[in-house]
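*Asks:* any chance you could fold what I've pasted below:
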Amino acid sequence: MGALAGFVAGARAAAPDLPLVPYRTRLRGWLLPLTRLSDNASFWDAGYPALMLTDTAFLRNPHYHRASDTSATLDYGFMASVTEATAGAVARLADAT
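*Replies:* Numbers count the residues shown, from 1 in each chain. Below you'll find the predicted structure:
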């Protein structure tokens, strides 16, 4: 099982109510340049596999990285679900190695 499939399976098991949209980018993200905005692109460019996790905050949250980006604009329940999903996914990937 590849890293993406393993991560998705572990995340879904750990946080079944969290919506996931797995996407495997092609050509190191050049077909969808928004996927290259994170640190993962430098790993892809160097030939290393890398997973990018995003909640697309910069696309849907008008407060992202602005002065109005305060604790009042955050969804802590969602953040907790993402943390549970990520921890479960990492545990599953670690068990697979």
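
*Asks:* what's near enough to touch the residue nearest the centre of the chain?
*Replies:* Nearest to the mean C-alpha position of the chain, counting by CA atoms, centre = their mean, stands Leu53 at 1.2 Å. Neighbouring residues of Leu53 by CB atoms under 8 Å, 6 or more residues apart in numbering: Val82, Thr86. No exception for glycine: its C-beta is placed from N, CA and C like everyone else's.

*Asks:* hmm, 7 Å instead?
*Replies:* Thr86 (CB atoms under 7 Å, 6 or more residues apart in numbering).

*Asks:* and what about it, helix, strand or coil?
*Replies:* At Leu53, secondary structure determined by DSSP: H, G, I helix; E, B strand; the rest coil is coil.

*Asks:* which other residues reach stretch 4-21?
*Replies:* Stretch 4-21 has contacts (CB under 7 Å, 6+ apart) with 22, 24, 51, 81-82, 84-89, 91-93, 96.

*Asks:* again, 6 Å this time
*Replies:* Contacts to stretch 4-21, defined as CB atoms under 6 Å, 6 or more residues apart in numbering, come from residues Pro22, Arg24, Leu51, Ser81, Glu84, Ala85, Gly88, Ala89, Arg92, Leu93, Ala96.

*Asks:* neighbours of the fifth one, just the number please.
*Replies:* So the one you mean is Glu84. Using other CB atoms under 10 Å, Glu84 has 14 other residues around it.
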